[in-house]
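Peer 1: This is a predicted model, with the sequence first.
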Amino acid sequence: MHTVTPWSATAQADIENSELLLERKIPDYTYQFYNTGDSLWIVAIMPENGKIAFRAAFAMNSCFEVANLFDDQDTIVIVLNSRLGSYEVRVNFPDSVLHYTTTFTANTPLMIPFSPRDIIPLTQNGSVENTSGKIHMEQFGSRSGLLFASITKPQTGSFFYFQNLTSLSEYCESTKTESKNTVGGTWPEIGFQLPTTNELPIPAGKGFIISDAYVILDTEIFEETISICEHFLNNLVKIYKVLEQPRIEYHNWPEIAQKVVADLTNNKGSWTQKDGIPYLSAYLCDYETPPESMVQLAVLAPFKEYEKWSGEKQSVCEDLIKGLPAFYDPKINCINRWLPSMVDKLDESEEQKKEMVMDSWYLHHPLMNLARLALHGEKTAEKLLLDSIDYVIKVAHHFKYEWPVFYNMQTLEIIKEETAPGAGGERDVPGSYAHLMLLVFKLTKEKRYLNEAEKAAKKLADLGLNILYQANNTAFAAGALLELYKITNKKLYLNLSYTCLTGLFKNIQLYDCKYGYGKNYTNFFSIFPLNDAPYTAAYEELEVYAALSEYMSQTNGVAILPALKTLLPEFIKYAVGRIAYYYPTMLPKEMLSEEVKTGEIQANLWIPLEDLYNGWEKSGQVGQEVYGAGMAFGVVPRQYIKIDDNFLVFIDYPIIGQTKRGNSITIKLDGDTDMNCNLKIIKLKNNKIQMTISQDKETLKPFTDNANIHEYKVSGQGSVKIQW
């Protein structure tokens, strides 16, 4: 038996003893509406008569009187009056999804110190405290306001609940509250809880949306990981398609890339010198911490992609390549995290800021980028990679493909075993290790690396929904698992890749925070770097974006879960329009933190902040992230096609393939036919060039057409042909 509060103890009896206001049947489900005095309940009745109740409105210290009830078969509107104010509850069923929106207008300014959760499982006989259920996923921090659960006693079925927190922004702005951690709870009192007011009251005489909920019901109880993942992804897409999505913003990424090149080249705060060779610092104006191999390669790898795209040699790339051999440490026969000749400068202020202490994912990360460079013909990178790879395999064997958080690189002694008590080590590192092994396999064609990738990947199978440690590594893991599936045809790997992607998509913010400092930039579809991170981070977002772009390319010819054909391209579309806001130049100065953990912030530089916060917290508290400076270099080659220096083709969906013949180019998109993306033709030199754009042989008309730019909306799936 569960303990309950007074707000749920009598809920079932109150519903049973109240008059039915309205009943609506939607395919297999029946929805009944009850006014129980202090609550308006929507009771969903499942095909086998299981029940679950949703509290659409709560009268606080008052009782409801139904002032009006309107039902035109498309929308139900119930107007409720109380001594404290009036409520309007609007209910509709888009694509058979239950959707209810509640607006409250107070009669007098009110502080709201408490509000009960809005979901209660019901029983046929008995009490709610005797029900049982399993919550598969719920909101943490500023992530999406969702809850996915199965009711196991009685065996009712499952439900997917989504609170559209964008709609709560005006309430949060007026009351100086936050929408984080609002959806969750303890069984049997679960769901959404309105943020309580501590500083400012809800004003009188103005209507505020205080709930905007979507519910998908299912008769099945989910137990297996793959079933939970597939239904989570499918339900998320169903909700996504009925949500109002924010406008896409366009940023001139080639122009931003040029500004980044200038600031990286000319600003001394980004660099440290050793033996006449310049090295990038991790954070702007941090002259105390030794250079890190990860930092050099995190910028160099996308910079080389941009160099190839632009056709212009970049002096920064040459400087970074010159510095790489100095990271090789003969004491371990591998590149080290810290520049070996400067480890005496480590201040030991953090666990990893000690000589020979390795954070597990940091071992593999720079080697991945060395492998990418080697695959594009960079010989210095190839030598360092192949000289280091045996050490990496030795470490994997020592830890039996289950890495701790920190260990000593010489002795392999574990320094910190778990991220938290009972949580295990860095859980997704087997996936990033598999990704590294597959890159080396491509480079060398030696089958031992493929075997290593398989051994590591299988370790992920025991983790269930708990694979994600760090989002970028989980994204690389998803891609590696898809590749293993294509090589071996073993369904295990495809299923594990879905589990990785589920971890990513439950770690996103699928709403736009339009209150506090969050209203200064679009943050819809952001992804958080860790399960418990309070902010989104520039470099991790870039890498997730790049990894999921590659995942889409790898799906060519693979029958993947259709939901991913929606979620992956839409994530990429919003990332391209959103991540420019990591540059402090794009933000008002008043939202930048005055106190910085590492280095300093120079708001006029095109170097990204590490950290963006929602709501009332200022951003840039960690610092200005030099190792995130490759962001623009990563975006430009993936989203822009350069045509003979005459014009650029920009598209904000992942490009699955492109074919250029004479004066035409065909671009293949493999997203969702129900979704749209943006195509721009940007003329560089000859603005008299005439263009014809067609998709699947149907000629398209631009919605913007001037001398320098043509803009089109195109379907997310199909072939787009551009002729000039």
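Peer 2: All right, it came through fine. Residues are numbered from 1 along each chain as shown.
Peer 1: Contacts for stretch 525-541 next, please.
Peer 2: 140-143, 298, 468-472, 504, 507-510, 523, 544, 570-571, 574-575, 578-579, 582, 608-613, 617, 619, 621-622, 625, 627-628, 631 (C-beta atoms under 8 Å, 6 or more residues apart in numbering). Yep, even glycine has a C-beta here, placed from its N, CA and C like the rest.
Peer 1: Residue 62 contacts residue 38, doesn't it?
Peer 2: Yes: A contact is recorded between residue 62 and residue 38 when judged using C-beta atoms under 8 Å, the distance being 7.0 Å.
Peer 1: who has more neighbours, the two?
Peer 2: Under the neighbour definition other C-beta atoms under 10 Å, residue 62 and residue 38 were set side by side, and residue 38 has more, 19 against 14.
Peer 1: Can you report how many residues neighbour the residue lying closest to that one once chain neighbours are set aside?
Peer 2: Distances taken as C-beta to C-beta, 6 or more residues apart in numbering place residue 59 nearest to residue 38, at 4.5 Å, with adjacent residues excluded. Under the neighbour criterion other C-beta under 10 Å, residue 59 is assigned a count of 22.
Peer 1: Look up how far residue 299 lies from residue 59.
Peer 2: Here the criterion is C-beta to C-beta, to the nearest Å. By it, residue 59 lies 57 Å from residue 299.
Peer 1: First-to-last residue distance for stretch 594-610?
Peer 2: The separation between the terminal residues of stretch 594-610, taken as C-alpha to C-alpha, to the nearest Å, is 15 Å.
Peer 1: For that stretch, the averaged confidence score.
Peer 2: The average pLDDT within stretch 594-610 is 97.
Peer 1: In terms of pLDDT, where does residue 509 sit?
Peer 2: Confidence per residue is given as pLDDT, and for residue 509 that number is 98.
Peer 1: likewise the one 10 residues further on?
Peer 2: Model confidence at residue 519, expressed as pLDDT, equals 96.
Peer 1: Equivalent analysis for residue 323, please.
Peer 2: Predicted confidence (pLDDT) for residue 323: 97.
Peer 1: returning to what we had before: so of the contacts of stretch 525-541, which ones are in strands?
Peer 2: The strands in this structure, assigned by DSSP state E, contain 508, 509, 611, 612 from the contacts of stretch 525-541.
Peer 1: Are any of the residues you listed buried, and if so which?
Peer 2: For the ones in strands among the contacts of stretch 525-541, burial is judged from neighbour counts taken by 16 or more other C-beta atoms under 10 Å, and it is met by 508, 509, 611, 612.
Peer 1: Pretty sure the first one sits against residue 142.
Peer 2: Which is residue 508. No: taking contacts as C-beta under 8 Å, residue 508 lies outside contact range of residue 142: 10.1 Å.
Peer 1: Dump the C-alpha coordinates for stretch 473-493 into PDB.
Peer 2: Presented in PDB, the C-alpha positions along stretch 473-493 are these (Å, rounded to 0.1, in the frame of the first residue of the first chain):
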ATOM      1  CA  ASN A 473      29.200   9.700 -26.400                       C
ATOM      2  CA  THR A 474      25.700   8.100 -26.400                       C
ATOM      3  CA  ALA A 475      25.100   9.600 -29.900                       C
ATOM      4  CA  PHE A 476      28.400   8.100 -31.200                       C
ATOM      5  CA  ALA A 477      27.400   4.800 -29.600                       C
ATOM      6  CA  ALA A 478      24.000   4.900 -31.500                       C
ATOM      7  CA  GLY A 479      25.900   5.300 -34.800                       C
ATOM      8  CA  ALA A 480      28.400   2.600 -34.000                       C
ATOM      9  CA  LEU A 481      25.600   0.200 -33.100                       C
ATOM     10  CA  LEU A 482      23.800   1.000 -36.400                       C
ATOM     11  CA  GLU A 483      27.000   0.300 -38.300                       C
ATOM     12  CA  LEU A 484      27.400  -3.000 -36.400                       C
ATOM     13  CA  TYR A 485      23.900  -4.000 -37.400                       C
ATOM     14  CA  LYS A 486      24.700  -3.200 -41.000                       C
ATOM     15  CA  ILE A 487      27.900  -5.300 -40.900                       C
ATOM     16  CA  THR A 488      26.600  -8.300 -38.900                       C
ATOM     17  CA  ASN A 489      22.800  -8.100 -39.500                       C
ATOM     18  CA  LYS A 490      22.300  -8.800 -35.700                       C
ATOM     19  CA  LYS A 491      19.100  -7.200 -34.500                       C
ATOM     20  CA  LEU A 492      20.600  -6.800 -31.000                       C
ATOM     21  CA  TYR A 493      22.700  -3.900 -32.300                       C
END
